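Undergrad: Take this sequence and fold it.
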Amino acid sequence: MNTASLIEIFDRDLNKLITEINLYKDEERLWIIKDGIGNSAGNLCLHLIGNLNHFIGAILGNTGYVREREKEFSLKNIPRKNLVQSIENTITVVRESLSKLSAADFEKLFPLEVFGKPLTTGFMLLHLTTHLAYHLGQINYHRRLLA
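TA: Model (predicted):
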């Protein structure tokens with residue numbers, strides 16, 4: 001596992017998240033839920049921010065971040081500028097936290113059991129990149145659906 005490559009992927013996709021959020025012509029549309037769509041783009045954005053700040057920032061980077069997962073899906077109408085600022089802060093947290101890891105750290109067990117079984121830190125970080133990409137795709141679809 002290559003720290004620089006992981007940072008590059010997280011940077012790329014989090015910056016793409018900023019782009020997607022800014023592409024909504026009417027920021028109120030960030031919070032619309034259509035039939036057959038479970039979450040708004042705004043809530044998916046909050047979820048990604050919370051997820052990465054928790055698993056990378058708090059667990060690996062010891063940032064002290066306390067996740068409030070329920071609020072990731074219940075809060076509404078957060079201004080776009082606040083979402084973008086939170087994403088930018090998350091980019092910094094991810095960069096700083098991952099930069100502290102050694103090659104040996106990727107082979108160690110992730111400090112928190114996820115999915116009901118022990119995972120290596122490298123596997124968990126790989127999962128987090130795909131989780132980000134998955135929800136980024138959902139946000140892109142949501143935006144185009146409402147256009």
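
Undergrad: Need phi/psi at residue 109.
TA: Backbone geometry at residue 109, expressed as degrees, to the nearest 10, gives phi -70, psi 140.

Undergrad: Test my guess that it contacts residue 117.
TA: No: the criterion here is C-beta atoms under 8 Å, and residue 109 misses it with residue 117 at 10.3 Å. For every residue, glycine as well, the C-beta is placed using N, CA and C.

Undergrad: Compare those two and say which one has the larger neighbour count.
TA: residue 109 (12 against 6; other C-beta atoms under 10 Å).

Undergrad: Mind naming the longest helix for this structure?
TA: Identified as the longest helix of the chain according to DSSP state H is helix 121-146.

Undergrad: in that helix, what counts as buried?
TA: Within helix 121-146, the residues that count as buried by 16 or more other C-beta atoms under 10 Å are 121-126, 128, 132, 135-136, 138-140, 142-143, 146.
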